[in-house]
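Engineer: Provided below are the primary sequence and the corresponding predicted coordinates.
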Amino acid sequence: MTAVRRPALLLVAVALGTRGLAGQTPLRIGQSVTGRLTLADRQLADSSRYKLYTFDARLGDTVSADMSSDDLDANLILADASGNPLARNDDAGGGCNAHLSFVLPAAGGYELFANSSSPGELGDFTVSLVQGVTAAARDTTCRGFGRVKGVIQVGQTVKGQLTAGDPLLRTDSSYYQRWVLPLEAGRTVTVDLASDDFDSYLLVTRGRGQKLVENDDGGGGCNARVAYTATDDHPVRLVVNSAGKLQTGRFTLRVADGAQPVEPKGTCRFRALRQQAEARAVTAAGARQIRVGETLPGQITTSDSLYPDTTYYQFWQFAPRARQQVTIDLASDEFDPVLILRGLDTTVVNNNGGPGCDARVSLTFPETGPYTILVNTTSDPPRQTGRFTLSLTEGHKDQVSDECRPPRPPPPPRPPKPPRPAAAADGQATHTIAVGESIEGVLTGADHFRPRDSTYSQSWTMAGTAGQVVTVDLESPAFDPYLFVAGPGIGTSLQDDDSGGNCNARLTLAFPQTGDYVIVVNSATKHGTGPFTLSVTKGAKPKSLTRCDRTG
């Protein structure tokens, strides 16, 4: 199941003061009831809706409560009659059903909140309350639930933005958002997803993710359109998605009554639009230019951009003729080259396609371009630098199966610890932090800029010992913290957004090897800056249950 931001028990107290008696439903121990969360229901401080059930119990009674649903990700909260929250559960046993068992501290009345794990969720559910301790109900189909962006109703138009902070669909590396659409049985609607920034892709699913209908270019051009007739009165989820990998940008989502014609696929020329947008972004980042037939020298240095996997990279651009066949070779005797080509429908990556450890890509390019080459390195060892040669030749060259013996340059010396606070440090510098330290810093516009998601980042180095377990916390009152950790033995960088509670980031890890690891201080939103606290403590810490809410 996709991780979502979950409410703390404290949020219940905000709702209790105004819950009123009219919204309470009596519930007996031993009883099971069905209910429905609707737009008319009351909301907790995190904007999630709830139904409130009351029951009486004796001193020392042990009760178990269960909540299950096919429409929403269930969440249960237990409170006493005075409004003091006692317990909560979201995903008992790793599934989407909620379950809690609790020994009641006094005789009297208690309250049970049937809630959702994400704001905007609506739909049917079942709640049961029994005497004694019971096991969580088995739930093996929990796949479609997760973070919901909001609710959209028939006749409404929503303007939004798909960003790198949204969930990532692992099957095709595309970002997506879920929007809940309430419907009556038999109602026909037309849903349009339009964007000038990405190639729109639209899906309609049930709560658990079962796909009902999908569309790519039915709205004309590269826009998506779905005409759908509801078979029942359960809410559906509209999945805002892109047809290409890692595409982001602004969009318009519209739901209208009735069926409108869906155009046949084939009129989308989004590749040219995407190439133009990427070319502008890469040019702004300072890309070097190379022409077909040229061989140019270059050098990867510590002043180049740094990926979270601790590899440096440079942008290069070229513009072949339409349908021209070109071979790109990246060679180096000082680092293990990785060649990344962007501008096609998919990103092409090559490591050892050339002689020895050199990289090679040979393609026929469908359009003039421009296309983007990222000169990159492997992540082991981290932070490789050195001289290279980039060649573009017309025609095809086969990939080579030579044995690769990559150069192993000595690791760069660790920089001295920066003065405290870290606010005055250069954005490209690598700071250091030790296990047991807590450091105040500032993320500024002078720090490293990530063109991919328009955020700033700082890199911090910490020394790790194989098998040691630590927790990294990144907290800030000024921006929504995002955290990366990478290093030896970590194949893909570890990432976290809100596990530290209240939008803060937290990662617990066991060092796979002894060596230097990199913490990347980042923000979840564009251009986020401000003071932060970075701490590394021994041992594991649980994920916080406090949902991210900075509206106040």
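Structural biologist: Arrived safely, thanks for sending.

Engineer: show me where the stretch 151-300 of the chain has strands.
Structural biologist: With strands called from DSSP state E, counting those that start in this stretch, the stretch 151-300 of the chain shows them at 157-162, 168-169, 174-181, 188-194, 200-205, 211-215, 224-229, 236-242, 249-257, 288-289, 295-300.

Engineer: Pull out the buried positions in the third one.
Structural biologist: Taking 16 or more other C-beta atoms under 10 Å as the basis for neighbour counts, the residues of strand 174-181 that come out buried are 174-181. Backbone N, C-alpha and C define where each C-beta goes, glycine included.

Engineer: which other helices and strands contact it?
Structural biologist: Packing partners of strand 174-181 (3 or more C-beta pairs under 8 Å, 6 or more residues apart in numbering; DSSP states H and E): strand 150-151, strand 157-162, strand 168-169, strand 236-242.

Engineer: Pull up the pairing partners for that strand, direction included.
Structural biologist: Looking at strand 174-181 with DSSP bridges, its partner strands are strand 150-151 (parallel), strand 168-169 (antiparallel), strand 236-242 (antiparallel).

Engineer: Show me the one of those that comes nearest residue 45.
Structural biologist: Nearest of the strands paired with strand 174-181 to residue 45, taken as C-beta to C-beta: strand 150-151 at 16.5 Å.

Engineer: Name the residues that touch that closest one?
Structural biologist: For strand 150-151, the external contacting residues (C-beta atoms under 8 Å, 6 or more residues apart in numbering) are 39, 119-120, 122, 158, 179-182.

Engineer: Where does pLDDT dip in the stretch 201-350 of the chain?
Structural biologist: Applying pLDDT under 70 to the stretch 201-350 of the chain flags residues 265-285, 308, 345-346.

Engineer: same question, the chain
Structural biologist: Applying pLDDT under 70 to the chain flags the ranges 1-22, 92-95, 137-144, 265-285, 308, 345-346, 408-430, 545-552.

Engineer: Distance-wise, check the residue nearest the centre of it relative to residue 150.
Structural biologist: Computing the C-alpha centroid of the chain and ranking residues by C-alpha atoms, centre = their mean puts residue 167 first, at 3.6 Å. Applying C-beta to C-beta, to the nearest Å, the value for residue 167 to residue 150 is 14 Å.

Engineer: How many residues are close by residue 125?
Structural biologist: 23 (other C-beta atoms under 10 Å).

Engineer: Surely it touches residue 72?
Structural biologist: Yes. The criterion here is C-beta atoms under 8 Å, and residue 125 meets it with residue 72 at 6.8 Å.

Engineer: shared neighbours, those two?
Structural biologist: Residues touching both residue 125 and residue 72 by C-beta under 8 Å, 6+ apart: residue 37.

Engineer: Turn the buried residues of strand 174-181 into a markdown table, including distance to residue 520.
Structural biologist: Shown next, in a markdown table, are the buried residues of strand 174-181 (distance: C-beta to C-beta, whole Å):
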| residue | distance to residue 520 |
| --- | --- |
| 174 | 23 |
| 175 | 19 |
| 176 | 24 |
| 177 | 25 |
| 178 | 27 |
| 179 | 31 |
| 180 | 33 |
| 181 | 37 |
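
Engineer: what is residue 161 paired to in the beta sheet?
Structural biologist: Residues in a beta bridge with residue 161, per DSSP bridges, are residue 250.

Engineer: Sorry, slip of the keys, the one I care about is residue 128.
Structural biologist: Beta bridges link residue 128 to residue 32, residue 66 when assigned by DSSP bridges.

Engineer: Pull the number of nearby residues for it.
Structural biologist: By other C-beta under 10 Å, 19 other residues sit near residue 128.

Engineer: just checking, it touches residue 28?
Structural biologist: No. Applying C-beta under 8 Å as the test, residue 128 and residue 28 come out as separate, 10.7 Å apart.

Engineer: Give me the phi and psi for residue 217.
Structural biologist: In terms of degrees, to the nearest 10, the main-chain angles of residue 217 are phi -120, psi 30.

Engineer: ok, it touching residue 195?
Structural biologist: No. Using C-beta under 8 Å as the test, residue 217 is too far from residue 195 to be in contact (11.9 Å).

Engineer: and for the two, which residues touch both?
Structural biologist: residue 223.

Engineer: ok, so what distance separates residue 294 from residue 388?
Structural biologist: 14 Å.

Engineer: contacting residues for residue 207?
Structural biologist: By C-beta under 8 Å, 6+ apart, the contact set of residue 207 is 69-72, 121, 123, 144-145, 234-235, 237.

Engineer: Next, the contact list for the nearest residue to it once chain neighbours are set aside, please.
Structural biologist: Among residues not flanking residue 207 along the chain, residue 71 sits closest, at 4.1 Å (C-beta to C-beta, 6 or more residues apart in numbering). Residues counted as contacts of residue 71 (C-beta under 8 Å, 6+ apart) are 121-125, 206-207, 234-235.

Engineer: mind redoing it with 6 Å?
Structural biologist: Residues counted as contacts of residue 71 (C-beta atoms under 6 Å, 6 or more residues apart in numbering) are 123-124, 207, 234.

Engineer: Columns distance to residue 188 on top of the residues you listed, output as TSV?
Structural biologist: Shown next, in TSV, are the contacts of residue 71 (distance: C-beta to C-beta, whole Å):
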residue	distance to residue 188
123	20
124	22
207	20
234	16
